[in-house]
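Asker: I need the structure of the sequence given here:
(2 chains)
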Number of protein chains: 2
Amino acid sequence: MEIQFLGTSAGQPTKFRNTSAIALKMLNEFNEVWLFDVGEATQHQILKSDIRSRKVTKVFLSHLHGDHVFGLPGFLASRNFQGSENDEGGVPTDLKIYAPRAVKDFVNAALRMGYAKLDYKLHFVELHPGVIFENDKMKVTAFEMNHNLPTFGFRIEEKNGEGELQIDELLKLGVKPGPILGQIKSGAVVTLDDGTRINGKDFVLKRDGRIITYIPDTKFTPNILEAAKNADLLIHEATYDASEAKIAKKHNHSTNIQAAQNAKDADAKELVLTHLSARYMGKSASEMLREQAAEIFPNVSVARDFTEISIPQKKAHK
Amino acid sequence: MEIQFLGTSAGQPTKFRNTSAIALKMLNEFNEVWLFDVGEATQHQILKSDIRSRKVTKVFLSHLHGDHVFGLPGFLASRNFQGSENDEGGVPTDLKIYAPRAVKDFVNAALRMGYAKLDYKLHFVELHPGVIFENDKMKVTAFEMNHNLPTFGFRIEEKNGEGELQIDELLKLGVKPGPILGQIKSGAVVTLDDGTRINGKDFVLKRDGRIITYIPDTKFTPNILEAAKNADLLIHEATYDASEAKIAKKHNHSTNIQAAQNAKDADAKELVLTHLSARYMGKSASEMLREQAAEIFPNVSVARDFTEISIPQKKAHK
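Answerer: Here you go, the predicted structure:
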């Protein structure tokens, strides 16, 4: 499971940072990539990455400012070509778009004007606070942010999973290898010949799921803390630095310091700052943003375009 | 007067070519830039060029396939910022968009979903065959092409202008420097003291206007020849090479050879090929396209992103 930043600039692209897009790669887990926001030229960024558009099964749009959405029509159109021309053949899978409602008009107007017909289906899901997606592997919850139009942050939770069976411990207790191990692993209670009762549940390790939180354009709201509670990785917008707190508030944005405070208050484990104003150009500006934030929350970095962060599987435990 | 290619790829961007956009720079003439087609990430290409968005006063869209239009909302939004933040201050001038009608829905949906309000006005002009713009300096005529949706080629004509007054010849005839020269230049007929009659019109040199023709996505139609008649520069789509004539026809596109034949038949002076399929990657492919075309029309080149071509002022003549 990896996060890759495809765009890290606020408002407009710069020569060095594209507008917002974040890929959540879950290729090893279940061979899918999810996109969070699709700023203009996201398809160009994907071209420069190892991501293949047809692997993208879900798109989540935090809000409908152009710098988070204008890349969507081009991405959808190019994904169509990829399906029919690459070595796997066939049409791409359907795509779900989780977004405020008005995106549908935009996408439809874009496709209609070009007489375009996609070979795959689009499913639009209107965003609302609460759980917006859940299956046996993942859960995504949307939280209302505090920006100048409807905006949602996302808490992406991997379901807790089962780890391996503790075979060594079972052998010590006198269990013989054989079908009985399967029964134990499935959680059954079995009684050995010597009368020992073994509860399967005690011998299967558990593995906690990973939690990633994405806080897009917003000024402070307590929802940020709820969304980011114990997150393994908190991706937080930081349009401005500490000295620009007034401007940040006026434009309904966060500073690097506020992001760090939120990470600390939410007991997040790691913080990445993104969505930087064009005024922070070059390595020294980026290092300044990091250093200010690190005084409050040390495990912080500043994303660049194409920065990739692994979120390793957690250790199994009893 | 210069043409700069901002995107030269067909259908989808590649790592080396962006989708269609062409800038006509007339900064020395009347301080404006016109854009022809605005593929996704045109604003990114502009960032890498010496063009300033606020100098763009007109946008012409040949047709509404995504690879010619999807950059428009981002361009419009960023142009708004440029107006208020750059050193000249103030809001950008109004912008005219000449395009098939459906573009209006697309632009409005894009702006509305983001609650965006531009500080300048957009004027939409629906394309139709014939003269679509004319003032004392320029005339633009649209020609119907033969693609799979309404598509227009453009003939951009600079008005014929007056060159300098032939002062040396007038002095030889006995004209004395003074206000009389102004009268002669304005075309008046004056009589000198010795009875010599001088018709102003005979002593003011004329300068023929330049003609640029842009032929976008299309298979052959006689309208191409009319649009390109005597053009100083013919920009012609060449999605495919000679060996792919069947595919070109099927997809309603042109080959490099057809473009060259059109340039020859229309008596154009120079030909530039653009809108290349992604299959033509690298310098050797591009050279192959050029060489095939040069057998029919020698003064031909293949555009790359950021290629700039000067169209020099013509010599003044009697």
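
Asker: Would you check how far apart the closest residue to A:Glu2 other than its chain neighbours and A:Glu308 are?
Answerer: Distance criterion CB to CB, 6 or more residues apart in numbering or on different chains; nearest residue to A:Glu2, sequence neighbours excluded, is A:Lys25 at 4.5 Å. C-beta here means a position set from N, CA and C on the backbone, and glycine is covered the same way. As judged by CB to CB, to the nearest Å, A:Lys25 and A:Glu308 stand 8 Å apart.

Asker: shared neighbours, these two?
Answerer: Common neighbours of A:Lys25 and A:Glu308, counting by CB atoms under 8 Å, 6 or more residues apart in numbering or on different chains, are A:2-4.

Asker: export those residues to JSON lines and tack on distance to A:Met288, pLDDT and neighbour count?
Answerer: Listed next are the shared contacts of A:Lys25 and A:Glu308 as JSON lines, based on distance: CB to CB, whole Å; pLDDT from 0 to 100; neighbours: other CB atoms under 10 Å in any protein chain shown:
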{"residue": "A:Glu2", "distance to A:Met288": "27", "pLDDT": "98", "neighbour count": "15"}
{"residue": "A:Ile3", "distance to A:Met288": "23", "pLDDT": "98", "neighbour count": "21"}
{"residue": "A:Gln4", "distance to A:Met288": "24", "pLDDT": "98", "neighbour count": "21"}
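
Asker: okay, these in CSV with secondary structure next?
Answerer: Shown next, in CSV, are the shared contacts of A:Lys25 and A:Glu308 (DSSP: H, G, I helix; E, B strand; the rest coil):
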residue, secondary structure
A:Glu2, strand
A:Ile3, strand
A:Gln4, strand
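
Asker: Return the set of buried residues in stretch A:162-169.
Answerer: Going by neighbour count (16 or more other CB atoms under 10 Å in any protein chain shown), the buried part of stretch A:162-169 is A:163, A:165-166.

Asker: Comparing A:Lys25 and A:Glu308, which residue is more hemmed in?
Answerer: A:Lys25 (22 against 13; other CB atoms under 10 Å in any protein chain shown).

Asker: correct me, but the more buried one touches A:Ile51?
Answerer: Yes. The criterion here is CB atoms under 8 Å, and A:Lys25 meets it with A:Ile51 at 7.2 Å.

Asker: Mutual contacts of those two, please.
Answerer: Counting by CB under 8 Å, 6+ apart, the shared contacts of A:Lys25 and A:Ile51 are A:4, A:33.

Asker: still on that earlier bit, ok, of the shared contacts of A:Lys25 and A:Glu308, which one's closest to chain B?
Answerer: A:Gln4 (17.4 Å; CB to the nearest CB).

Asker: Let me see the contact set for that closest one.
Answerer: Taking CB under 8 Å, 6+ apart, one finds A:22-23, A:25, A:49, A:51, A:306-309 in contact with A:Gln4.

Asker: Around chain B, pick out the residues from the stretch 1-150 of chain A.
Answerer: Within the stretch 1-150 of chain A, the positions lying close to chain B (CB under 8 Å from any CB of the partner chain) are A:11-15, A:18, A:40-41, A:43-44, A:47-48, A:64-67, A:69-71, A:73-74, A:77-78, A:81, A:100, A:102-103, A:105-106, A:108-110, A:112-116, A:148-149.

Asker: For stretch A:45-62, what is the spacing between the initial and final residues?
Answerer: In stretch A:45-62, first residue to last residue: 19 Å (CA to CA, to the nearest Å).

Asker: buried set for it?
Answerer: So stretch A:45-62, judged by 16+ other CB under 10 Å, has buried residues A:45-46, A:51, A:53-62.

Asker: For those residues, work out which two are farthest apart.
Answerer: A:Arg54 and A:Ser62 (23.4 Å; CB to CB).

Asker: ok so, going back, name the SS class of the residue nearest to A:Glu2, please.
Answerer: Under three-state DSSP, A:Lys25 falls in the strand class.

Asker: and A:Ile257, what helix or strand is that in?
Answerer: helix A:256-265 (DSSP states H and E).

Asker: quick one, helices of the stretch 1-150 of chain A?
Answerer: Counting by DSSP state H, counting those that start in this stretch, the segments of the stretch 1-150 of chain A that form helices are A:27-30, A:42-47, A:66-69, A:72-85, A:103-113.

Asker: Need these in JSON lines (columns: mean pLDDT and distance to A:Asn262).
Answerer: JSON lines is the format used below for the helices of the stretch 1-150 of chain A (pLDDT from 0 to 100; distance: least, CB to CB, whole Å):
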{"stretch": "helix A:27-30", "mean pLDDT": "94", "distance to A:Asn262": "27"}
{"stretch": "helix A:42-47", "mean pLDDT": "98", "distance to A:Asn262": "26"}
{"stretch": "helix A:66-69", "mean pLDDT": "98", "distance to A:Asn262": "20"}
{"stretch": "helix A:72-85", "mean pLDDT": "84", "distance to A:Asn262": "28"}
{"stretch": "helix A:103-113", "mean pLDDT": "97", "distance to A:Asn262": "27"}
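
Asker: Most tightly packed of those?
Answerer: helix A:66-69 (a mean of 27; mean count of other CB atoms under 10 Å in any protein chain shown).

Asker: Stretch A:227-239: how far from the chain's middle?
Answerer: 10 Å (CA atoms, centre = their mean, to the nearest Å).

Asker: Could you tell me the average pLDDT over it, please?
Answerer: For stretch A:227-239, mean pLDDT is 98.

Asker: State whether A:Gly209 is indeed within a helix.
Answerer: No. Counting by three-state DSSP, A:Gly209 is not part of a helix but coil.

Asker: Now do the same contact list for it.
Answerer: Contacts of A:Gly209 (CB under 8 Å, 6+ apart): A:157-161, A:314.

Asker: switch to 10 Å and redo it
Answerer: Each residue near A:Gly209 by CB atoms under 10 Å, 6 or more residues apart in numbering or on different chains is listed here: A:1, A:137-139, A:156-161, A:232, A:313-314.

Asker: Leaving out the residues flanking it, which one is nearest to the residue of chain A most remote from its centre?
Answerer: Here chain A reaches farthest from its C-alpha mean at A:Asp194, the gap being 50.4 Å by CA atoms, centre = their mean. Nearest non-adjacent residue to A:Asp194, counting by CB to CB, 6+ apart: A:Gly174, 6.3 Å away.

Asker: One more: A:His251?
Answerer: In space, A:His251 is closest to A:Thr239, 7.3 Å off (CB to CB, 6+ apart).

Asker: Would you check that the one you found makes contact with A:His65?
Answerer: No. Look at A:Thr239 against A:His65 with CB atoms under 10 Å: they stay out of range, at 11.9 Å.

Asker: Between the two, which contacts overlap?
Answerer: A:10-11, A:217.

Asker: least confident pick among those residues?
Answerer: Per-residue pLDDT puts A:Gly11 lowest of the shared contacts of A:Thr239 and A:His65, at 93.

Asker: Any chance of the backbone angles for A:Ala285?
Answerer: With angles defined as degrees, to the nearest 10, A:Ala285 sits at phi -60, psi -40.

Asker: now swap in A:Gly71 and tell me
Answerer: phi -90, psi -10.

Asker: what's the burial count for it?
Answerer: 31.

Asker: Do you know the pLDDT at it?
Answerer: A:Gly71 is given a pLDDT of 98.

Asker: Nearest residue to it in space, please, no chain neighbours.
Answerer: In space, A:Gly71 is closest to A:Thr42, 3.6 Å off (CB to CB, 6+ apart).

Asker: Wait, the one you found touches A:Phe5, no?
Answerer: No. Taking CB under 10 Å as the definition, A:Thr42 is not a contact partner of A:Phe5, at 11.1 Å.

Asker: joint contacts of the two?
Answerer: Common neighbours of A:Thr42 and A:Phe5 (CB under 10 Å, 6+ apart) are A:18, A:20-23.

Asker: Please identify the one among those residues that lies nearest to chain B.
Answerer: So of the shared contacts of A:Thr42 and A:Phe5, ranked by how close each gets to chain B (CB to the nearest CB), first place is A:Asn18, at 7.6 Å.

Asker: This completes my enquiry, with thanks.
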